[in-house]
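Visitor: predicted model and sequence below, questions to follow.
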4 protein chains.
Amino acid sequence: MKITFMGAGSTVFVKNVLGDTMLCDALRNAEFSLYDIDAQRLEDSRLVIEHMNRNLNENRAKISTYLGVENRKEALRGANFVVCAIQVGGYEPCTVIDFEIPKKYGLRQTIGDTLGIGGIFRALRTIPVLQDFARDMEEVCPDAWLLNYANPMAMLTGFMLRYTGVKTVGLCHSVQVCAPRLLESLGMDAYKNDHIAHIAGINHMAWLLKLTDKNGNDLYEEVRRRAKEKNATEKHTDMVRFDYIDKFGYYCTESSEHNAEYNPFYIKAGRDDLIEKFNIPLDEYPRRCIKQINEWVERREKLLRGEGLEHVRSREYASHIMEAIVTDKPYTIGGNVLNNGLISNLPQEACVEVPCLVDARGITPCYVGQLPLQLAAMNSSNIYPQLLTIEAARTGKRDLIYQAAMMDPHTGAQLSTDEIVAMCDELIAAHTAAGFPITAI
Amino acid sequence: MKITFMGAGSTVFVKNVLGDTMLCDALRNAEFSLYDIDAQRLEDSRLVIEHMNRNLNENRAKISTYLGVENRKEALRGANFVVCAIQVGGYEPCTVIDFEIPKKYGLRQTIGDTLGIGGIFRALRTIPVLQDFARDMEEVCPDAWLLNYANPMAMLTGFMLRYTGVKTVGLCHSVQVCAPRLLESLGMDAYKNDHIAHIAGINHMAWLLKLTDKNGNDLYEEVRRRAKEKNATEKHTDMVRFDYIDKFGYYCTESSEHNAEYNPFYIKAGRDDLIEKFNIPLDEYPRRCIKQINEWVERREKLLRGEGLEHVRSREYASHIMEAIVTDKPYTIGGNVLNNGLISNLPQEACVEVPCLVDARGITPCYVGQLPLQLAAMNSSNIYPQLLTIEAARTGKRDLIYQAAMMDPHTGAQLSTDEIVAMCDELIAAHTAAGFPITAI
Amino acid sequence: MKITFMGAGSTVFVKNVLGDTMLCDALRNAEFSLYDIDAQRLEDSRLVIEHMNRNLNENRAKISTYLGVENRKEALRGANFVVCAIQVGGYEPCTVIDFEIPKKYGLRQTIGDTLGIGGIFRALRTIPVLQDFARDMEEVCPDAWLLNYANPMAMLTGFMLRYTGVKTVGLCHSVQVCAPRLLESLGMDAYKNDHIAHIAGINHMAWLLKLTDKNGNDLYEEVRRRAKEKNATEKHTDMVRFDYIDKFGYYCTESSEHNAEYNPFYIKAGRDDLIEKFNIPLDEYPRRCIKQINEWVERREKLLRGEGLEHVRSREYASHIMEAIVTDKPYTIGGNVLNNGLISNLPQEACVEVPCLVDARGITPCYVGQLPLQLAAMNSSNIYPQLLTIEAARTGKRDLIYQAAMMDPHTGAQLSTDEIVAMCDELIAAHTAAGFPITAI
Amino acid sequence: MKITFMGAGSTVFVKNVLGDTMLCDALRNAEFSLYDIDAQRLEDSRLVIEHMNRNLNENRAKISTYLGVENRKEALRGANFVVCAIQVGGYEPCTVIDFEIPKKYGLRQTIGDTLGIGGIFRALRTIPVLQDFARDMEEVCPDAWLLNYANPMAMLTGFMLRYTGVKTVGLCHSVQVCAPRLLESLGMDAYKNDHIAHIAGINHMAWLLKLTDKNGNDLYEEVRRRAKEKNATEKHTDMVRFDYIDKFGYYCTESSEHNAEYNPFYIKAGRDDLIEKFNIPLDEYPRRCIKQINEWVERREKLLRGEGLEHVRSREYASHIMEAIVTDKPYTIGGNVLNNGLISNLPQEACVEVPCLVDARGITPCYVGQLPLQLAAMNSSNIYPQLLTIEAARTGKRDLIYQAAMMDPHTGAQLSTDEIVAMCDELIAAHTAAGFPITAI
């Protein structure tokens, strides 16, 4: 069995996912194919993975590396699973562009990797790369499953599912941690590992639709009571989602720093009071990037010395999916797939995050039915800019880029139509200058 | 044949619609049943209609009036057509409430009768009245067609179609005048009465999807060129919709003063420059109400003296619908109906404005297919608050009122979630105080 | 304006349709382009049409003829409307094949032009010809409307709508005559021209869903009573459809001789009693063909002498459609279109016969909703063989031909699976020998 | 945890299902509630289950019995799972009626429990009983899962899902055994426990859509080759389904004796050659009933003596479903659920058999997409009589019973419409006489 890792320079993520596979009998003898375009980071990853293979895996896995576009097809050839964790454009130049140009127009962001003007441009520069991956995969590993971790999840996965022949599922760990962290943060730790959660919606805004204890007794009423009280009485880091619970009745998967920018309510020009009140960390993502870069030197040293390479199998979906497919022991995930009527009141062609069954037959999404109307409304406000961005990426048409940005609930609320056009033009120019021209694929 | 007019105190509108019927052979012998709850206005209408019946119609029609709720069922009994033009709550107290309370929260409106906070509360106070009409109609004229002119069109008509047994169509004259006025305003008068327009979407935001001359030659490219130039070079009264043409590629049915508030782009706190740039008449609707009230005394005098009662049959749909049904000569209208997949990328249960065939079989909506994605996105942003408002009106649940307001693109862009809740609470209290409590129906 | 007639050798049909256009102000100056592959019949038609143009139309129309495949594209170039009335394969050899080979297997037919083994092979030999027409039309008259009269209607029209870019509607006069003839045959002549009929379903099995007098009073109960009595007391030519009324509750559009073979109920091996009881004219279509051929010599003589060329405008849809599109005066037809959810309980991709609005915007189908379940069941049993035949014609795959025949309710009821395969093989061989090979298009 | 068994007089089935639960740690301490209306059989089951509880389960389960309709509600009160294995009417009188009356009309059956005239009447007498169960369950165990094993599966389960509030799944072991037995019968035993099968469709006609070895290599081509050869060269008991493989390209779940009567191809009046050729066991089900009755005396003796009560956990879904729900360890089943678009080319309201995920969240059906067209056609021919029967049972309308029978592919192929009416009338009368009147529920 061959597992290919696209963007293998993400050393820590590779370490976690491949560490998981080394702890799984059905996967530990696999061939690991590591692909990246950054020679140094790829080499780092190789050293770390080989170290783990020796220490944890009795050298059973076979590890090879493939550097650069010219070796990409070989990296993919014959793969059974392809894990994609690329980030096109990096912190510099692209994340800086994503944040700094909008800021000139008064548009402030927190994360910018999912929706909003940052998410739109991240998709525009990433989809052409995924399209190249897809062409290779259709040729050299047409039956492989693509496990996509790259963001913006819904746009990238939606593109792959609708416009390529690659079997794709989009994965995010926010589903697994949603209910446990909520229960913990509300002092309901007793239920942290002892509850049943039903989650569906779209990536980063999938709704915790139902929450009970193991015997089916409702926990949500108590959650609602405590969340309201906590938001009223203390400053904390999850205030936006607690406000969702209060106003929309339901909690959702991604963090408050993400959800602060998926709607028009919290980040508003001239409303620093709201930033303060909901404790919103503007520019959070660039800050994290810088921190990660700064800490990497030291962390890398340690990893290369073999420190911190102990590994306990995590709840990250990738290895569990591979195991379930290989062994036919069923596993349940929350995966990103084409809607096709599964959530009956969201657009058919949306990319939705729903429970999926994984077994020897592959990854099969499950029926959800209707979302509560207000949640469908919130999801829908995010889905249209996603769909417009996918069309923009396919066609390279500027109008579609402008329209995606206008229909984004945060961007449209902040700027005028002409400002949005000007900002997009400037972003397109900056991308082009940085080597990421936006053209039809 | 019996035609009942609900809200017959709208003298000028009654005059126009019933004037039309008197000019139609198939309808002029009808029985006109006029219903209102305002004795004076009902009497005014009676005098005017009787005057017309004498002068234009050789007294062929039979006219009766029904005053007050206790006579409503008799007004409706045996009706073939029921024309609804009610306005619940009037300028005072309700329109004043709709505008003044939001203004305290910094939320400014232009018309407030369709969407937005004004439209939501107008629906909340009107749906219970329509529900009463529906119960009567189901009993005393179950086969009658309800021609609904009351606003907010999509919410009221959607409610009737989904939750009552009354055969309903929603009517608005913005469809008929859309293309002619556009061509006129762009100096393309040659085509004013000589073009083919294809229009579909939702009420007040139905899109001019295609515009050709009689031979099928495209006129839209020229329209786009001229509209962009006009917006760039002069101040005029249709700047918002011309910006739609520029940004979304298509013109729509209702005026710029309406469309200024159906999205987050033009009316923004602290952005008087946009109000100025797009020439947006804030508080336009109350201003019109006051003007109409002030002019009514004089106009009434004239009408009662029989002045201005000449009548040429208009393009108002009502009489043409009745004629087509009675005579089986087909007629095409743009009507508001349940979507049911006719516009395949809008929600099934939306109330959409699409071409309808009218003949002896009644009013039958036509298939449209997919809207361009950006137009579906715009419509969808309006449809969710509409659907939430309908549920709020049915159930009387406050949360649904808040959610309708939050999901309204203009309200959500301007205010925080807590401000929206506070504003809605104040509006509910003011409605209750004014005799319009918001409860489950 | 240019009207092209494909299969213009059908002199009588051309005479009727073009006669209608000559009696319509908006159409009489058109250019008539007559195309056929039979020189003699084309010349006959030319003489007749020129005669009519002189006598009825002051020579205002321009008439040209195009003989043979090599002139087809010119016939079509620049056409506004294309009327298709071709019959591929003729009585000899193909109709004879369609009836005689199945008869050897014990499979007896009445008409064989719609469904059943005859209909399937008629489609298989016709779709390639229509595909050629489509390629030409896409090139030389991409905006033209194709008015298709050729059978099997649902298969041919369904193919055009799903697999070509040609704007197509399928037309059949059984819709117009359905209710009048029913009323006449039941002695309810008073309502013959004074009723309202609502019809929807599939071609030749579109259901008379509702029948009222002009005031909306139900006529169906009386129809049901009389039809049951008539079937019980006399032998007549419409016994199958009267049995439909009794058993399924509804009448349908095409005649009893057609409907006898659209289901498994009436024509059964070894059940001559049913043939007798329901008065079923086996081999009716070949008999008609022979009669027509025999009478043609005399009729032709007369026509060429100019006898019988008086013309009163008929209810045939073609000229009315052209007039409505050209003048924008709306007209209602029953047209064959893609379902797309209009009849919500039939397959999306079925070709259905539903009310359509015709005006300057073209031919737009209307919403129907759910059919009564038993009618949907009957239609559905016909739709699957239609869909399978279309795929068989596209791909040339024998398995799909066998499967279409097996799923045909009459064929499957009569023969075993192996007999169906053998019969299809023999039919394919006979078609190939006759110059109509069945291959992928 | 409480497990209620409706129809607990089916001793052998109870023994198997409850035996399974006793071998499962998560279930063995449950309370087993046994309900039946037959005192003797209920007592037999009690003795057997208590014996097993002693021998296999250290008396950990609590067993109680409930006899008769008056104790039904107590049997259900507080249940977590309800297993339904009732047979209304028994061999005598009802199965005899189901077979003997149709036989008088020349309509011969094999099993008669799924579709066809036997299946229709079995549903008509069973649905009222299930409706009573549903009313009780809605009151005393509204959160319980109903695991329905009773036939006709699609009609009964479809009724429960559409017209009651009970969480229901329909279960049949034909899914599990489909591929293994096929492989075995074709001498491909090597793959018997080492293959991947993808199955979807409707109960008893769910299609083996894909069959590969564990590495994804196709096995179907070899299956097709061997099946064709086997049918050509030997007489065996699975000839109908092997003919399906040959003609439709796919194998399906239920046996050839069942599938012989789900279509018009194999059992035909006057065609004993086909009965012979396809080795079709007419009257198989009554024969089995008699055999079972005859053997029961001896078998009962043994069971009551405690012989044959060893038990190995089976692949029967019931205990695995309960375990997966209780433990949240995911399990995959083929379950019968409402279609809702999961099989996108079958009717929305059909009851379909598709892969389902079972975990703590319950039983969630998975997306399938389009069936090959010919398979959709076959399923659809069965679905319409099912839907008509459900409506007939709900409304008690005779016309719907006739129509269900007419649309049944076997019945309609064999009899005339009048014969079907007469036969249904006689069946209704016989049911009424036997104490099973067919009325609206």
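Guide: Nice, thanks for sending it over.
Visitor: going forward, measure contacts between C-alpha atoms and count neighbours the same way
Guide: Fine.
Visitor: residues of the stretch 1-150 of chain A that sit close to chain C?
Guide: Proximity of the stretch 1-150 of chain A to chain C is not found for any residue under the rule Cα under 8 Å from any Cα of the partner chain.
Visitor: pLDDT weak spots in the stretch 1-150 of chain A?
Guide: By pLDDT under 70, the stretch 1-150 of chain A contains no weakly predicted segment.
Visitor: can you name the residue of the stretch 251-400 of chain A nearest to chain D?
Guide: residue A:366 (4.1 Å; Cα to the nearest Cα).
Visitor: straight-line length of stretch A:346-354, end to end?
Guide: Across stretch A:346-354, the terminal residues are separated by 12 Å (Cα to Cα, to the nearest Å).
Visitor: right, is that stretch up against chain B?
Guide: Yes - contact check for stretch A:346-354 against chain B, using Cα under 8 Å from any Cα: residues in range are A:346, A:347.
Visitor: contacts for that stretch next, please.
Guide: Outside of stretch A:346-354, the residues that reach it under the criterion Cα atoms under 8 Å, 6 or more residues apart in numbering or on different chains are A:154-155, A:157-158, A:199-203, A:206, A:334-341, A:343, A:365-366, A:368, A:376, A:379-380, A:383, A:387, B:345-347.
Visitor: out of these, list just those in helices.
Guide: Counting by DSSP state H, the contacts of stretch A:346-354 place A:154, A:155, A:157, A:158, A:376, A:379, A:380, A:383, A:387 in helices.
Visitor: and the first one, how many neighbours?
Guide: Spelled out, it's residue A:154. 30 (other Cα atoms under 10 Å in any protein chain shown).
Visitor: if we can go back for a sec, contact partners for the residue of the stretch 251-400 of chain A closest to chain D?
Guide: Neighbouring residues of residue A:366 by Cα under 8 Å, 6+ apart: A:342, A:354, A:355, A:356, A:357, D:356, D:357, D:364, D:365, D:366, D:367.
Visitor: at which residues are the strands of chain A located?
Guide: Using DSSP state E, the strands found in chain A span residues A:2-6, A:31-36, A:62-67, A:81-84, A:145-148, A:167-170, A:195-202, A:205-213, A:251-252, A:331-338, A:351-359, A:362-365.
Visitor: ok, now which ones touch residue A:33?
Guide: Applying Cα under 8 Å, 6+ apart to residue A:33 gives the contacts A:2, A:3, A:4, A:5, A:63, A:64, A:65, A:66, A:75, A:76.
Visitor: name the single longest helix found in chain A.
Guide: Secondary structure of chain A per DSSP H: the longest helix is helix A:116-140.
Visitor: of the ones in helices among the contacts of stretch A:346-354, which pair is most distant in space?
Guide: Between all members of the ones in helices among the contacts of stretch A:346-354, the longest pairwise span (Cα to Cα) is found for A:157 and A:376 and amounts to 19.9 Å.
Visitor: quick one, which of these two is more surrounded?
Guide: Taking neighbours as other Cα under 10 Å, residue A:157 and residue A:376 compare with residue A:157 leading, 29 against 22.
Visitor: does that one touch residue A:337 like I think?
Guide: Yes - here residue A:157 reaches residue A:337: they are 7.4 Å apart, a contact under Cα atoms under 8 Å.
Visitor: shared neighbours, the two?
Guide: A:168, A:169, A:170, A:351.
Visitor: which bits of chain A sit near chain B?
Guide: For chain A, the residues in contact with chain B under the definition Cα under 8 Å from any Cα are A:247-248, A:264-266, A:274, A:345-347, A:373-374, A:377-378, A:380-381, A:384, A:387-388, A:399-400, A:402-404, A:407, A:409-410, A:412-417.
Visitor: rewinding a little: buried subset of the contacts of residue A:33?
Guide: The neighbour-count test (16 or more other Cα atoms under 10 Å in any protein chain shown) applied to the contacts of residue A:33 identifies A:2, A:3, A:4, A:5, A:63, A:65, A:66, A:75, A:76 as buried.
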